[in-house]
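A.B. asks: Sequence and predicted structure, then a few things I'm wondering about:
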Amino acid sequence: MQIIKKNEYGSIKLNLKYLMDKKNISINTMSKYANIRYETVKKYYNNECFWYDSNILAKFCYVLECEIDDLLVYEDTKMLQKV
């Protein structure tokens, strides 16, 4: 096994924007349903978070009636480079 270099391991992205848009749920509506500050939902919606709160993710899954693997997507850097 070798040491992982910066950004070699891929990243986690949120599918929140896609899922909310698909169900026609605005940031304001999600904020109210999930009882999360508007600014926080907006950061998650725009994929501007570096740390994910498991309670917030659970609330999103509950409101959107989805599974966590619908919400979180792993992007493998190696796979992206092969395309």
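C.D. replies: Great, that's in hand.

A.B. asks: can you give me how far the longest helix along the chain is from the chain middle?
C.D. replies: In the chain, assigned by DSSP state H, the helix with the most residues is helix 54-64. Here helix 54-64 shows a centroid-to-chain-centroid distance of 10 Å under the convention CA atoms, centre = their mean, to the nearest Å.

A.B. asks: And for stretch 34-49?
C.D. replies: The answer for stretch 34-49 is 10 Å, by CA atoms, centre = their mean.

A.B. asks: quick check: angle from the helix or strand where residue 42 lies to helix 54-64?
C.D. replies: Using DSSP states H and E, residue 42 falls within helix 38-45. Helix 38-45 and helix 54-64 are oriented at 80 degrees to each other (axes from the mean of the first three to the mean of the last three CA atoms, to 10 degrees).

A.B. asks: I would like the residues contacting helix 38-45, please.
C.D. replies: Under the criterion CB atoms under 8 Å, 6 or more residues apart in numbering, residues 14, 16, 17, 20, 27, 28, 30, 31, 34, 49, 56, 60 lie in contact with helix 38-45. Heads up, the C-betas are built off the backbone N, CA and C, glycines and all.

A.B. asks: For ChimeraX, write the select line for the buried members of these.
C.D. replies: To isolate the buried members of the contacts of helix 38-45 in ChimeraX, using 16 or more other CB atoms under 10 Å:
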select :14,16,20,27,30,31,34,60
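
A.B. asks: Of the contacts of helix 38-45, just say which sits nearest to residue 74.
C.D. replies: residue 14 (11.4 Å; CB to CB).

A.B. asks: can you pull the contacts of the residue lying closest to residue 33 once chain neighbours are set aside?
C.D. replies: Nearest residue to residue 33 in three dimensions, chain neighbours excluded: residue 63, at 4.7 Å (CB to CB, 6 or more residues apart in numbering). With contact taken as CB under 8 Å, 6+ apart, residue 63 is in contact with 25, 30, 33, 34.

A.B. asks: So which of those belong to helices?
C.D. replies: 30, 33, 34.
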